[in-house]
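>>> next comes the sequence, and after it the predicted model I'd like to discuss.
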Amino acid sequence: MNEPLQITHFIDGRFDASSAEWIELINPATGSSIGQVASGTSADVDRAVAAAARALPSWRAKSPTERGALLHRLADLIERDVELLAAAECRNSGKPITLAREVEVPRAAANFRFFAECASRFGFEERLENDQSESLVIREGAGIAGCISPWNLPLYLFTWKIAPALAAGCTVVSKPSEVTPVTAWMVGRLAIEAGVPPGVLNIVHGLGAVVGSAIVAHPNIPVLSFTGSTSVGESIARTTAPLFKRVALEMGGKNAAIVFADANLEAAADGVVQSAFRNQGQICLCTSRVVVERSIAPRFTSMLIERTASLRSGDPTSPSTQQGALVSSVHRDKVLLAIQCARDAGARVLCGGRAVPPESLPASCQGGYFVEPTILAGLPSHCKTNQNEIFGPVVSLLEFKDEPEAIEIANDSMYGLAASIWSSDAPRVDRVARALEVGIVWNNCWMVRDLRTPFGGTKRSGLGREGGDDALRHFTEPKSVTRSKA
Ligand code: NAD
């Protein structure tokens with residue numbers, strides 16, 4: 001891939017030749033420019049919607065197997081280009097290359113394969129009968145789907161949205177994050193190669209407040225899927241409510257890992273550290289509160305500190321790097337400010353707590369946005385540090401005396417995305433899992449996924465669910481046709 005990049009909109013099966021306005025793209029590991037992305041307008045969204053509308057009738061009329069064949073082809077091409085895509089993701093977002101290569105890019109291919117298969121078994125038509133009537137329930141693609149995705153897992157979450165929309169028979173107008181648009185742009189090129197018909201997948205780049213808002217408010221886009229912050233999700237809910245759009249919102253989190261004294265502590269410490277710091281803590285599912293049973297707190301805390309201190313921060317392109325850069329200087333500053341607020345509130349900083357000193361980084365990365373993986377302790381549950389999403393490599397330790405208190409602390413949040421329970425007592429795990437006010441619970445693991453399970457959160461973390469049939473239901477409109485037996 002040649003740099004500097006010039007990333008333009010992908011509309012009606014073609015890339016625009018140029019753009020009137022551009023946004024600079026920065027490699028967060030170096031602080032240097034890698035190119036520019038088009039800064040789109042509502043007129044660009046209108047063009048994309050017009051192309052998607054032209055493509056809709058024939059795409060919707062294809063069988064799930066025909067649509068699935070194209071999705072499998074896209075998956076094949078992603079697998080072929082795994083190295084290119086991983087390198088691009090690493091350069092555009094600062095994440096470690098191994099994470100991109102071994103987890104995120106393969107998952108993007110898996111998203112297309114999974115929904116191709118899922119759609120082939122989905123009940124697009126169902127016959128129901130009772131004493132008085134026979135009904136045919138028809139579910140067809142709901143129309144043009146607007147898919148808006150964030151910067152933290154750019155390719156993984158972009159494909160997690162467009163794959164079910166396309167499999168369901170929708171055509172798509174998508175908007176990747178303006179911070180990390182590179183791999184979505186590469187998917188546009190693969191869509192041409194795969195033979196995806198023009199207009200079926202459209203990608204409009206640009207600012208959320210301009211392009212994102214235009215997609216959200218567009219009268220010809222009846223169904224939306226958004227992943228991002230709760231504040232933007234809230235504004236989308238406000239705009240779309242009077243328009244009666246179908247909206248799925250995947251938003252922020254403040255996830256707890258609850259560690260009971262009966263857990264395998266070695267495994268729990270490994271798992272909690274991974275859950276706190278993978279992708280520099282920039283995953284909505286990351287643990288940000290570690291809630292530990294008091295009797296084991298001193299020992300478990302030492303285990304966490306030892307493991308966290310040994311994480312290697314550095315050049316994300318190096319296969320041995322475990323902690324890359326945060327996505328932008330703005331985000332780095334936000335995370336450092338959150339750490340400072342915690343200090344001001346009386347937190348003890350048990351590990352990390354600063355930007356990575358430039359002299360400990362390779363010369364090429366000394367202008368990058370690195371923050372040390374950080375463990376805080378000593379703050380009450382209700383304080384800002386334990387309530388507000390930080391979305392960086394920062395965890396806060398809290399202690400509990402018994403099971404009810406563990407549940408109370410874990411649920412003391414306006415968010416309700418995910419939690420993990422580290423315990424070997426199965427009845428207890430069952431009780432606690434049922435009591436937690438979240439959409440996703442893991443036991444003795446983290447981020448292990450069966451793509452058929454519903455994915456999403458409660459409270460201010462989410463509205464609706466992604467994954468499996470839930471996603472296909474979201475992107476289809478049901479109609480029942482009933483005839484009387486009389
Ligand atoms: P963000 O809300 O700033 O942006 C997300 C996307 O929405 C981007 O493409 C952005 O351009 C667009 N956008 C911004 N303003 C918009 C508007 N007014 N109208 C329409 N679109 C708009 O979020 P971010 O900073 O990119 O991502 C981090 C956030 O995403 C965190 O809060 C994190 O928890 C959340 N997240 C949630 C999940 C989940 O599954 N629940 C997954 C990943 C990230």
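Cool, got the structure.

>>> could you pick out the longest helix of the protein?
Longest helix in the chain by number of residues (criterion: DSSP state H): helix 42-61.

>>> which strands and helices sit next to it?
Of the remaining helices and strands, those touching helix 42-61 by 3 or more Cβ pairs under 8 Å, 6 or more residues apart in numbering; DSSP states H and E are strand 10-11, strand 133-141, strand 144-148, strand 171-175, strand 201-203, helix 213-217. C-beta: built from backbone N, CA, C; applies to glycine.

>>> with respect to Tyr415, which of those lies nearest?
Closest of the helices and strands packed on helix 42-61 to Tyr415 is strand 144-148, at 19.7 Å (criterion: Cβ to Cβ).

>>> check whether that closest one comes near the ligand.
Yes - on the criterion Cβ under 6 Å from any ligand atom, strand 144-148 is in touch with the ligand at Ile148.

>>> quick one: that strand to chain centroid distance?
Distance, stretch centre to chain centre, for strand 144-148: 15 Å (Cα atoms, centre = their mean, to the nearest Å).

>>> next one: stretch 476-486
With Cα atoms, centre = their mean, you get 37 Å for stretch 476-486.

>>> quick check: mean pLDDT of it?
Mean pLDDT, computed over stretch 476-486, is 96.

>>> can you point out the buried residues in that stretch?
Buried residues in stretch 476-486, defined by neighbour count with 16 or more other Cβ atoms under 10 Å: Thr476, Glu477.

>>> kindly report the same for stretch 19-31.
Burial within stretch 19-31, assessed by neighbour count using 16+ other Cβ under 10 Å, is assigned to Ser19, Trp22, Ile23, Leu25, Ile26, Asn27, Pro28, Ala29, Thr30.

>>> so for it, first residue to last residue, what's the gap.
24 Å (Cα to Cα, to the nearest Å).

>>> neighbours around the closest residue in space to Arg354 that isn't next to it in sequence, how many?
Setting aside the residues directly before and after it, Arg354 is nearest to Glu372 in space (Cβ to Cβ, 6 or more residues apart in numbering), at 5.6 Å. Neighbour count of Glu372, defined by other Cβ atoms under 10 Å: 22.

>>> spell out which parts of the stretch 201-350 of the chain neighbour the ligand.
Applying Cβ under 6 Å from any ligand atom, one finds that the stretch 201-350 of the chain approaches the ligand through 208-209, 212-213, 216, 227-229, 232, 235-236, 250-253, 284.

>>> restricting to C-alpha, output stretch 170-189 in CSV.
Provided in CSV are the C-alpha atoms of stretch 170-189 (Å, rounded to 0.1, in the frame of the first residue of the first chain):
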residue,chain,number,x,y,z
CYS,A,170,-30.3,-4.9,2.9
THR,A,171,-28.0,-2.6,0.9
VAL,A,172,-25.7,-0.6,3.0
VAL,A,173,-24.5,3.0,3.5
SER,A,174,-21.7,2.7,6.0
LYS,A,175,-19.4,5.2,7.8
PRO,A,176,-16.2,4.0,9.4
SER,A,177,-14.6,6.2,12.0
GLU,A,178,-12.8,9.2,10.5
VAL,A,179,-9.8,8.3,12.7
THR,A,180,-9.4,4.7,11.3
PRO,A,181,-10.9,4.5,7.8
VAL,A,182,-8.1,2.5,6.1
THR,A,183,-9.2,-1.1,6.4
ALA,A,184,-12.9,-0.3,5.5
TRP,A,185,-11.5,1.5,2.3
MET,A,186,-9.6,-1.7,1.6
VAL,A,187,-12.8,-3.7,2.0
GLY,A,188,-14.3,-1.5,-0.8
ARG,A,189,-11.5,-2.7,-3.1
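
>>> my read: Val327 touches Gln282, true?
Yes - counting by Cβ atoms under 8 Å, Val327 touches Gln282, with 6.5 Å between them.

>>> between the two, who's got more neighbours?
Val327 (27 against 24).

>>> contacts only, for the more buried one.
Counting by Cβ atoms under 8 Å, 6 or more residues apart in numbering, Val327 makes contact with Pro28, Ser93, Gly94, Trp151, Asn152, Val179, Thr180, Gln282, Tyr369.

>>> just give the closest residue to the residue minimising distance to the centre of the chain, not the sequence neighbours.
With the centre of the chain defined as its mean C-alpha position, the nearest residue by Cα atoms, centre = their mean is Leu157, 4.8 Å away. Distances taken as Cβ to Cβ, 6+ apart put Ser149 closest to Leu157, at 4.6 Å, once the chain neighbours are dropped.

>>> hang on, isn't that neighbour packed against Val179?
No - applying Cβ under 8 Å, one finds Ser149 not in contact with Val179, separated by 11.0 Å.

>>> what's the farthest-apart pair in the buried residues of stretch 19-31?
Spanning the widest gap among the buried residues of stretch 19-31 are Ser19 and Ala29, at 25.8 Å by Cβ to Cβ.

>>> returning to that earlier point: okay, and which of the buried residues of stretch 19-31 map to strands?
Among the buried residues of stretch 19-31, the residues falling in strands (DSSP state E) are Trp22, Ile23, Leu25, Ile26, Asn27.

>>> what sits against the third one?
With contact taken as Cβ under 8 Å, 6+ apart, Leu25 is in contact with Leu5, Ile7, Ser33, Ile34, Gly35, Gln36, Val37, Asn92, Val179, Pro181, Val182.

>>> so how do I select the buried members of these in ChimeraX?
Of those, the buried ones can be selected in ChimeraX as follows, counting by 16+ other Cβ under 10 Å:
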select :5,7,34,35,36,37,92,179,181,182
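
>>> could I get the contacts of Leu25 in JSON lines, plus columns for distance to Ile258?
Output for the contacts of Leu25, formatted as JSON lines (distance: Cβ to Cβ, whole Å):
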{"residue": "Leu5", "distance to Ile258": "44"}
{"residue": "Ile7", "distance to Ile258": "43"}
{"residue": "Ser33", "distance to Ile258": "44"}
{"residue": "Ile34", "distance to Ile258": "41"}
{"residue": "Gly35", "distance to Ile258": "44"}
{"residue": "Gln36", "distance to Ile258": "45"}
{"residue": "Val37", "distance to Ile258": "41"}
{"residue": "Asn92", "distance to Ile258": "35"}
{"residue": "Val179", "distance to Ile258": "33"}
{"residue": "Pro181", "distance to Ile258": "37"}
{"residue": "Val182", "distance to Ile258": "38"}
